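K.L.:
Let me see the structure of the following:
(one chain, ligands or ions: 1)
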Amino acid sequence: MRQVSSGKGAIGIFDSGYGGLTVFRQIRDLMPQYDYIYLGDNARAPYGNRGFDTIHQFTWQAVQWLFGQGCPLVVLACNTASAKALRTIQQQDLPVSDDPSRRVLGVIRPTTEMLGTLTKTGKVGIMGTEGTVQSGSYVIELQKFWPQLQVFQQSCPMLVPLIETGMHSSAGADFFVRYYLDALFAQNNTIDTVLLACTHYPLLLPLLQSLGPAGMQYVAQGPIVANSLADYLLRHAEMKQRLTTRGDVQFFTTDSIVGFEQHAAIFYGQPVIAQQVFLG
Ligand code: DGL
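P.N.:
Okay, the predicted model is just below:
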């Protein structure tokens, strides 16, 4: 018989780097009572251009580490990890783990459930990493919830490196943002809603609004994922009662602490004190 522990712990939040902090900030604002452990795999970021097996292996290592810290629930605040690793973790890894009652959630499902309510033309754009776009996860999920929508995808492989290196306000960033917007709207010029399907991209919002067509609606995932998590906990009392509620937050990175603390504050909106951890 497998040993099932139902210990209490913090909510784990994972991203390849800093992007998940844009989602975490919204989760914490909505539910400050819980304890949280944020883990950014900065040493191995970006994940976006990596292969399926690598993203799965890195993400599962991170999730196991968060489980090891006592987290009964982990949110993958990363589209690339949600697109390429979540299903395998939920269907293959968790059921044979030492506590299959722990849960791992992603960002794609809650976002697709909402997206159809936001468009008037029925044409939506998806901007994401190469991995997210190639996986087709958004197209598949949107088809289930909103079969009448037309979905146009654009992979933007240069954007995460620009953001991770703090270059997203430079003239170089203008060039790439304009390039990807042009490529997206060349596919269809009646798109009225663009999903920022990468948790890093909300930092580009001012640039997107100034360089893209007037009146375009850009959707960031933070508030959507936060509301969806609150709703999940309302519906899953058995998980809610496993979460500790001191309001503590801890940040971990797989790369240097100094670099993480400087960058993370920009994404999180307030100062961050981090600790280093080695995975794998
Ligand atoms: N923030 C991640 C996402 O939402 C991607 C970053 C990466 O390429 O590592 O897709």
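
K.L.:
Please, which helix or strand holds residue 12?
P.N.:
strand 11-15 (DSSP states H and E).

K.L.:
Give the pairing partners of that strand; include direction for each.
P.N.:
Partners of strand 11-15 in the sheet, by DSSP bridges, are strand 36-40 (parallel), strand 73-76 (parallel).

K.L.:
which parts of the stretch 101-250 of the chain sit against the ligand?
P.N.:
Residues of the stretch 101-250 of the chain found near the ligand (C-beta under 6 Å from any ligand atom) are 129, 132, 160, 198, 199, 200. To be clear about C-beta, it is placed using only N, CA and C from the backbone, and glycine gets the same treatment.

K.L.:
so which of these comes closest to residue 76?
P.N.:
Within the set of those, residue 199 lies nearest residue 76; the separation is 9.7 Å, counting by C-beta to C-beta.

K.L.:
and the gap between the closest residue to residue 72 other than its chain neighbours and residue 88?
P.N.:
Using C-beta to C-beta, 6 or more residues apart in numbering and skipping the chain neighbours, the partner closest in space to residue 72 is residue 242 (4.3 Å). According to C-beta to C-beta, to the nearest Å, residue 242 and residue 88 sit 24 Å apart.

K.L.:
Mind checking which of the two has more residues around it?
P.N.:
Between residue 242 and residue 88, counting by other C-beta atoms under 10 Å, residue 242 is the more crowded of the two (20 against 16).

K.L.:
right, and that one touches residue 70 too?
P.N.:
No. Counting by C-beta atoms under 8 Å, residue 242 sits too far from residue 70 to count as a contact (9.7 Å).

K.L.:
Counting neighbours, what do you get for residue 247?
P.N.:
Residue 247 is surrounded by 12 other residues when neighbours are defined as other C-beta under 10 Å.

K.L.:
what residues are up against it?
P.N.:
Taking C-beta atoms under 8 Å, 6 or more residues apart in numbering as the criterion, residue 247 is in contact with 32, 33, 34, 35.

K.L.:
Same check on residue 249?
P.N.:
With contacts taken as C-beta under 8 Å, 6+ apart, residue 249 has the following neighbours: 28, 35, 36, 37, 38.

K.L.:
residues near the second one, how many?
P.N.:
Other residues within reach of residue 35, judged by other C-beta under 10 Å, total 18.

K.L.:
What values do phi and psi take at it?
P.N.:
Note on residue 35: its backbone torsions stand at phi -90, psi 150 [degrees, to the nearest 10].

K.L.:
Surely it is in contact with residue 246?
P.N.:
Yes. Between residue 35 and residue 246 there is a contact under C-beta under 8 Å: 5.5 Å.

K.L.:
Rounded mean pLDDT for whatever helix or strand residue 182 lives in, please.
P.N.:
Using DSSP H and E, the element containing residue 182 is helix 171-187. Helix 171-187 shows an average pLDDT of 96 in the prediction.

K.L.:
coming back round to it: which neighbours do residue 242 and residue 70 have in common?
P.N.:
Overlap between the neighbourhoods of residue 242 and residue 70 consists of 7, 8, 9, taking contacts as C-beta under 8 Å, 6+ apart.

K.L.:
In three-state terms, how would residue 271 be classified?
P.N.:
With DSSP: H, G, I helix; E, B strand; the rest coil as the basis, the three-state label of residue 271 is coil.

K.L.:
Was I right to think residue 112 contacts residue 140?
P.N.:
No. Using C-beta under 8 Å, residue 112 is not in contact with residue 140, being 9.0 Å away.

K.L.:
Could I get the full set of helices for the chain?
P.N.:
20-30, 52-68, 79-84, 86-88, 108-115, 130-135, 137-145, 159-164, 171-187, 205-211, 222-235, 237-240, 257-268 (DSSP state H).

K.L.:
Among those helices, show the one with the smallest mean pLDDT.
P.N.:
Among the helices of the chain, helix 159-164 scores lowest, at a mean of 89.

K.L.:
tally of neighbours for residue 175?
P.N.:
Other residues within reach of residue 175 by the criterion other C-beta under 10 Å amount to 13.

K.L.:
Against residue 159, how distant is it?
P.N.:
When distances are taken as C-beta to C-beta, residue 175 and residue 159 turn out to be 11 Å apart.
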